[in-house]
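Visitor: need coordinates for the following:
(chains A and B)
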Amino acid sequence: MKVLGLIAGGIILFIASLLVAGANPVTAVSQLITGSVGSASAVSGTIREMTPLLILGVSVFLALKAGLFNIGAEGQFVIGSCFSAATMLAIGGPLGVVVGVLIGAIAGGLWALPAGYVKAFRNGHEVITTIMLNNIAINLTKWLASGPFKGEKAVSASTATLPIQSQLTPLIKVGQFELPQAVVVGILLTLGVGYWLSKTTSGYELRAVGANPTAAEFAGVKTKQVTVKAMFLSGAIAGIAGALQIAQFEHRFYDGSSIGYGFDALGVALLAGGNAFGLFASSFIFGALNKGGTSLMGLGIDKGITTMVLAIVIIIFAAVKYRQKGGQHD
Amino acid sequence: MNLAVEMSQISKRYGDVQALDSVSLRVEKGTIHALVGENGAGKTTLMKALYGAMSADSGSVSINGEPVTLKTSREAIAKGIGMVSQHYGIIGELTNLENLILGAENGSILTPVQNQQRAQDLAERMGFQFDWNAESSTLSPAGGQKLEILKLLWRNSQIMILDEPTAMLSPQDSDALYASLKQLAQQGTTIIVVTHRLPEVFEHCKRVTVVRGGRHIADHEVTEVSANQLAEEIVGGSVIERPTPVSNSQPTDSLEVRDLEVKGDKGQIAVKSISFALKKGQLVGIAGVDGNGQRELFHAIIGHAKPLSGILTVEGSDWTQTSIADRIIAGLRVIPEDRHHEGVIEDWSLFENASLGLQRLPEFSDISAGQQELGPTMAEKFSTKHGGLNQPMSSLSGGNQQRFVAGRALQVAPNLILAFQPARGLDLNSTTKVYQEIRRRCDEGATAIIVSFDLDELLDFCDRILVMNHGEMFEPKPEEARDRAAIGRLMVGAG
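Guide: Residues are numbered from 1 along each chain as shown, chains lettered A, B, ... in the order given. Okay, here's the model as predicted:
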């Protein structure tokens, strides 16, 4: 009921803001729908937008289950992208992709590790540390792309383009419709993480730490280790997202290649509620709005309007859904 | 007699519990007056009525002979009454000066220079030394207690209520504190000390009032009463003749503790070089007034608190450095004190809570299957009332959560059972059932340690009773092992 109310509220809010912006809501909404799911190519575009959001959503979701708010997914994504691109270029061929994804995972995981350690052993807040790590990641990769990893022919901060054998092809291609391999990996990751969290002992212990660290400690859970592990895994998944983004879509790493997917992923994970499978729906909605929002530009409406509405919906959602956890008791 | 405080016929009822039943208290001006009694005797409630933190159902209060109504603490403070509670309110991140003036700033702009001057004057008057600009987190327990007293002076308190002021202090610090209090009393301040430590009463106080079970029991000049009489008045006589529980204890050693020292949360030494040994099959009760180191000892045996020194062994194997997880695998089962924070995850279903703490045992190698199989048995063991095991733990009442937690602790092969107030929130029938089950497990070879503040409960069910007082462990003499009065004397340090 609450979710339905939220969706209705979001739609009303959206229509109201369209009116304020001086657009015809009917045209705009139909444009939004056509632009995101109205044709085979629109659906493909939505899936392309959805792919990094889904995988990054899993990353943030996993950390959230351990009671950690990983604002650093963006930085881990960028680090994963950058190092996997360099690896794929260095090794080449299909093997380069496999090793590249692995390196992307390790790089993303290691990038998140300091935040995990600081949280576990010094109780320093992960929101602060991961934001700082984002700043470092973005500038470090910028330097790498304009220096050590710079492509020979590149004019700006960018690596070379992957050779054709290292570019992931769509798994299915029917006319204008494409199903990228990366989204399949994302779906498998979601299912895997969902299973791990709900059915295994280590997943159970991770959730216990997130839900009540003191009770978890009394139950014999090594809460510090779990915190570090959760942060590493979350970073590694974000790194995989970054690597797949290069192999499947971008084919090179360049400064600014992420348009803030890591931040959108916070919304994706929050909107999924407590359920891993909710990530499919929430990443699809975000992907569709990203894609469809672009097509609103033709009507003279800024794409930002969808971002804005979504942000308001998430704030309300967070206030409703997480009020007991975050709210004050008694 | 020049009375600073005169409380008469104060009554207060909370639901079914008559917390105070026509209690009167008369305190002479310029003296240190002791208010003594067990946990739940009504001491703190009575003091809250004086401090305006609780409004009594009936009764009257006069301050310096003038009848007053104290509806809020603000009104009490205005009448010159100040209180330092047992869990004192020094904020570690603020400086000593900021803590001192907190809530009693003299305007919207702080005037640190003048404030520091006045603070220094007050401290010098008391013979205290403070670095006013240091963070209060650096204070020792004794320093924190002194700062609390200065806070009352800052507010010009003429009547000070101190709740267990020496609970966290070493004997030397306690003596120094009382020396300062005596000095204040000589200058005309009236001091009421809530305590259960009889040596302090005899050494430092002029008069003493005893409360028990919400009733006024006696008033004495300290010089006119013996420690034994006072101890008996505090714990009361035993009404029922109770049989000694039968123990099937075995000659083999179970838990052995040697020279154990554990720090408390305020940095004090809460457990002072304790040694004791238990046999397999024993059901041991640890008696004592709250805050005498039971909690820290309990946490050290669980593995939650790291001891400063000493050794813990169970059946010969050294537990001192082992993790909680390893202790659980070796058979440690816990009914924790604070089930809300330590025992359950309220957002989770009863099924999910069924494996909490047992998740690494073979019974839960398939965690969902284990939950489905054992969850219902745990709930049934003590008749937990619930609306389905897939409902969240938060849907259960406190008593039913306690039933579930107790059922869980006693379900899977316990070897060493640790229970802190296991009967909390339970009726008599359920309490008996829980203890019967603990006894059954002990007869099978487990060992149980029960911490409780209810001596009668321990006498009813435990075959051996130890007593903690001020961080030390005492055991009554064999011929007095079941003697309620003798144990009571040990609890209040009059043994």
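
Visitor: could you give me the buried positions within stretch B:166-186?
Guide: B:166-170, B:173-174, B:176-178, B:180-182, B:184-185 (16 or more other C-beta atoms under 10 Å in any protein chain shown). Where you see a C-beta, it was placed from the backbone N, CA and C, and this is true even at glycine.

Visitor: of the residues you listed, which is the nearest to B:V235?
Guide: In terms of C-beta to C-beta, no member of the buried residues of stretch B:166-186 lies closer to B:V235 than B:A167, at 19.0 Å.

Visitor: could you pull up the contacting residues of that closest one?
Guide: By C-beta atoms under 8 Å, 6 or more residues apart in numbering or on different chains, the contact set of B:A167 is B:86, B:291-292.

Visitor: phi, psi for it please.
Guide: phi -50, psi -40 (degrees, to the nearest 10).

Visitor: report pLDDT for it.
Guide: Listed pLDDT for B:A167 reads 78.

Visitor: from the contacts of B:A167, which would you call buried?
Guide: Neighbour-count burial within the contacts of B:A167 applies to B:291-292; the criterion is 16+ other C-beta under 10 Å.

Visitor: follow-up on the earlier one: between the buried residues of stretch B:166-186, which is closest to B:I417?
Guide: Among the buried residues of stretch B:166-186, and counting by C-beta to C-beta, the member closest to B:I417 is B:A167, at 27.8 Å.

Visitor: walk me through the domains of chain B.
Guide: Domain assignment for chain B by automatic domain parsing gives B:3-235, B:253-491.

Visitor: point out the most buried one among those domains.
Guide: domain B:253-491 (a mean of 20; mean count of other C-beta atoms under 10 Å in any protein chain shown).

Visitor: pull up the distance across it, start to finish.
Guide: 26 Å (C-alpha to C-alpha, to the nearest Å).

Visitor: about what we covered before: looking at the domains of chain B, which is closest to A:A42?
Guide: Closest among the domains of chain B, using C-beta to C-beta: domain B:253-491, at 39.6 Å.

Visitor: tell me if the closest one is near chain A.
Guide: Yes - with C-beta under 8 Å from any C-beta of the partner chain as the criterion, chain A is reached by domain B:253-491 at B:302, B:304, B:323-325, B:327-328, B:334, B:336, B:341-348, B:352, B:355-360, B:364-365, B:367-368.

Visitor: what do you get for stretch B:124-144?
Guide: No - if you take C-beta under 8 Å from any C-beta as the test, stretch B:124-144 misses chain A, and the best it gets is 14.1 Å.

Visitor: avg pLDDT for that stretch?
Guide: The predicted model gives stretch B:124-144 an average pLDDT of 86.

Visitor: gap between that stretch and the chain center?
Guide: Remark: stretch B:124-144 is offset 25 Å from the chain centroid, using C-alpha atoms, centre = their mean, to the nearest Å.

Visitor: could you do stretch B:82-93 as well?
Guide: For stretch B:82-93 - counting by C-alpha atoms, centre = their mean - the centre lies 16 Å from the chain centre.

Visitor: straight-line length of stretch B:475-486, end to end?
Guide: Stretch B:475-486 stretches 10 Å from its first residue to its last (C-alpha to C-alpha).
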